[in-house]
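Student: the sequence and its predicted three-dimensional model are supplied below.
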Amino acid sequence: MQHLFAPEWECPPGVQARVTLRSGGVSRAPYESNNLASHVGDSAELVDRNRQCLQGLLPAEPTWLTQTHSTVVWRADEDQCPEFADGVYTAMRNRVCAVLTADCMPVLMASNDGREVAAVHAGWRGLAQGILAEAIRCFRAAPKDIVVYLGPAISQPYFEVGADVKNAFDLAASKRYFDEDINASFCPSGHSHKYYADLFRLARAELRGAGVTSVFGGSRCTYSEPQRFYSYRRDGVTGRFASLIWVDR
């Protein structure tokens, strides 16, 4: 059994994408078992074994980023990898773009001609600050010619946030176009000045506002699927799974 899956989306010809599951690796509790992150306290040897197993299913070793909730998207075809980045873009064949998540939203992008791809780590900070717009700007393709997959992330019923998060998106909406009212993505949680936030809806609203018309995914919840995905909000100390995309022609 392969412990990863191909996203359900209209993936352009010549593009491959995969999302790993938490099963099938060698990490021990609380990281069991297929943790791919080297920064969460897991054994470096076991993480390396998990990564080697994954690499055997891919055309090349993934580009592993040091993610910091920034808006930095590395254009891998042009520059040396920056010290910190939360997205990677390429138009090179068999260069595997990857992001690691455990509640934040992994976003995979591809041009309809199958020649350009990107992987983005979009937590609420990066999303509010504009990392999706940064990734779109890397593409030669027009936004209407880009297809997007929203990978597994924490869903609204489990993502309680403070007023600071809502305020950050209110500020974002004053600077960038969202195609619906930001308030539609927040509902009161019942606690004072707390809300349940919908990351998937926020991403769709910004992508549509930017001109991206083909958006898929947004139905897999990390928090509510403990056998399949890691969730930081649910477990605290935990591993990370990978979302990967590459051009294979």
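Tutor: Here it is on my side, so go on.
Student: residues touching V99, list them.
Tutor: Contact analysis of V99 by CB atoms under 8 Å, 6 or more residues apart in numbering lists 65, 67, 86-88, 106, 119-121, 242-243. (Glycine included, C-beta is placed from N, CA and C.)
Student: distance of the residue of the chain most remote from its centre relative to A128?
Tutor: Within the chain, S192 marks the point farthest from the mean C-alpha position, 29.9 Å out by CA atoms, centre = their mean. From S192 across to A128, the span is 22 Å (CB to CB, to the nearest Å).
Student: same check on R51?
Tutor: Distance from R51 to A128, by CB to CB: 31 Å.
Student: so for these two, which residue has more residues nearby?
Tutor: Shown here are R51 and A128; by other CB atoms under 10 Å, A128 has more neighbours (24 against 20).
Student: does that one really touch L171, like I thought?
Tutor: Yes: with contacts counted by CB atoms under 8 Å, A128 reaches L171, the gap being 7.5 Å.
Student: excluding its backbone neighbours, what's nearest V107?
Tutor: Closest residue to V107 apart from its sequence neighbours, by CB to CB, 6 or more residues apart in numbering: V120 at 4.2 Å.
Student: contacting residues around the one you found?
Tutor: 73, 86-87, 99, 106-109, 126, 131-132, 135.
Student: tell me the buried residues in the helix or strand where it lies?
Tutor: Element membership for V120, per DSSP states H and E: strand 117-122. The neighbour-count check on strand 117-122 (16 or more other CB atoms under 10 Å) flags 117-122 as buried.
Student: stretch 137-156 now?
Tutor: 138-139, 141, 143, 145-156.
Student: okay, and the residue nearest the centre of the chain sits in which element?
Tutor: Nearest to the mean C-alpha position of the chain, counting by CA atoms, centre = their mean, stands P106 at 1.0 Å. If you go by DSSP H and E, P106 is part of strand 105-111.
Student: and that strand, C-alpha only, in PDB?
Tutor: C-alpha atoms of strand 105-111 as PDB (Å, rounded to 0.1, in the frame of the first residue of the first chain):
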ATOM      1  CA  MET A 105      -3.400  24.800   4.200                       C
ATOM      2  CA  PRO A 106      -1.200  23.300   1.500                       C
ATOM      3  CA  VAL A 107      -2.000  24.900  -1.800                       C
ATOM      4  CA  LEU A 108      -0.900  23.300  -5.100                       C
ATOM      5  CA  MET A 109      -0.900  25.300  -8.400                       C
ATOM      6  CA  ALA A 110      -0.400  24.400 -12.000                       C
ATOM      7  CA  SER A 111      -0.700  26.200 -15.300                       C
END
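Student: packing partners of the host helix or strand of L127?
Tutor: Using DSSP H and E, L127 sits in helix 124-129. Judged by 3 or more CB pairs under 8 Å, 6 or more residues apart in numbering; DSSP states H and E, helix 124-129 is in contact with helix 163-175, helix 199-209.
Student: now render those helices as CSV, adding distance to S43 and mean pLDDT.
Tutor: Shown next, in CSV, are the helices and strands packed on helix 124-129 (distance: least, CB to CB, whole Å; pLDDT from 0 to 100):
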stretch, distance to S43, mean pLDDT
helix 163-175, 34, 96
helix 199-209, 31, 97
